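Asks: predicted model and sequence below, questions to follow.
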Amino acid sequence: MNEKDLETKFINIIYQLFNVISSVDAVQLEPSIGKHNQYRPDMLVTIKTGKREYRVAIEIKSIGQPRFIRLAAQQLKEYLASNKDVRYGILASPYISEEGRQLCRKYNIGCIDLAGNASLAFNGLYIDIQGRENPSPTTRGVKSLFSRKSSRVVRVLLTEPKRLWHVQNLAKEANLSLGQTSNIKRLLIDEDLVQEEGKSFRLTDPQRLLDSWTRNYLFRDNESADFYAIEGTQIERKIAVFCKTTGINYSLALFSGANLVAPFVRYNQSFVYVEDKISEIAGQIGLKEVTTGPNVTLLKPYDEGVFYGTREINGLDVVSDVQLYLDLKNYQGRGEEAAQYILENRIKSAWQ
């Protein structure tokens, strides 16, 4: 869709948005006029409410990826600073993701898209419409950052958020090919999550990356089996000994892991990731498979990356803080308090 077609569509959307607000008496569009060598928005809108008039600048972008949104938002803010008669800026694009909307809020500008989402707030006027899906989705986008293998790169970056990376050493660390890692790097740049410094790059917004992953993460992608153990949570050490003896990777997860990093956590069901052989492990240590009332859940991870950053605490292997946070936030809403503690007291400390 060319910019002229986009402009026509957004003109209609702007009229529809403001005309449904009872306090708005009239909406008038006018061309944006300025010096040839200076930035000017695509259009200006005059909104009349009673005796007051407000001028709003509209910037239209054919691509709504966060890095383009950030650049457009910066241009709008600079324009508003030098044109005091224009009170507000709105960015318009075919589709603006939640990540893009967060950037707009950061710059205190509004945003609208062709899906019907809108976020506007100025001079007592407030419109918030969200949750409408992209009418023309592509395979490339923020969700593909969190696919099985791509998430390995995200995990590494969040574990060492200050580190300056080259594609080669990041690929080695994440156990991916150079081609795969290069493609993921490009997506991260498009999402305005990493910044290039010569031939290197580093993570610039770990909070937004973690938030986005949390929204796209599904705990149920892990294979699970429920059991009952007469030993209760003490079964964790028995599982650990068996796995170490037989060379099976394991790590305590969810509340079992959180208990060792956030000791206030109380729990009565153990959760352990094991790389394979759930039935063999259960049989060898005397676990009874059950359909109700389990106190042990063995998990086969959706990808080997789950074990990245595993550390030993009190003689037991525990998944990384990032993995603990993801699982606790996504496990049926019961781990919110522990997840927040891990975020505020452990994960964020690495971002400082």
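Replies: Ah, there it is. Numbering: from 1, shown residues only.

Asks: pLDDT below threshold where in the stretch 251-352 of the chain?
Replies: 333 (pLDDT under 70).

Asks: start to end distance for stretch 51-69?
Replies: 33 Å (Cα to Cα, to the nearest Å).

Asks: give the buried residues for that stretch.
Replies: Using 16 or more other Cβ atoms under 10 Å as the test for burial, stretch 51-69 gives 54, 56-61, 64-69. The way it works is simple: take the backbone N, C-alpha and C, and place the C-beta from them, glycine included.

Asks: can you put these in a markdown table and add distance to residue 97 and secondary structure?
Replies: As requested, the buried residues of stretch 51-69 are arranged in a markdown table below (distance: Cβ to Cβ, whole Å; DSSP: H, G, I helix; E, B strand; the rest coil):
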| residue | distance to residue 97 | secondary structure |
| --- | --- | --- |
| 54 | 28 | strand |
| 56 | 23 | strand |
| 57 | 22 | strand |
| 58 | 20 | strand |
| 59 | 17 | strand |
| 60 | 17 | strand |
| 61 | 13 | coil |
| 64 | 7 | coil |
| 65 | 8 | coil |
| 66 | 7 | helix |
| 67 | 12 | helix |
| 68 | 12 | helix |
| 69 | 9 | helix |
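
Asks: break this structure down into its domains, please.
Replies: 3-129, 142-216, 219-350 (automatic domain parsing).

Asks: off-centre distance for stretch 224-240?
Replies: The chain centre lies 33 Å from the centre of stretch 224-240; the measure is Cα atoms, centre = their mean, to the nearest Å.

Asks: now swap in stretch 335-352 and tell me
Replies: 16 Å.

Asks: mind listing what's buried along it?
Replies: Quick answer for stretch 335-352 (16+ other Cβ under 10 Å): 335, 338-339, 341-343, 346-347.

Asks: ok, these vs residue 202, which is closest?
Replies: Nearest to residue 202 out of these is residue 347 (Cβ to Cβ; 17.2 Å).

Asks: hang on, that closest one packs against residue 209?
Replies: No. Using Cβ atoms under 8 Å, residue 347 is not in contact with residue 209, being 11.5 Å away.
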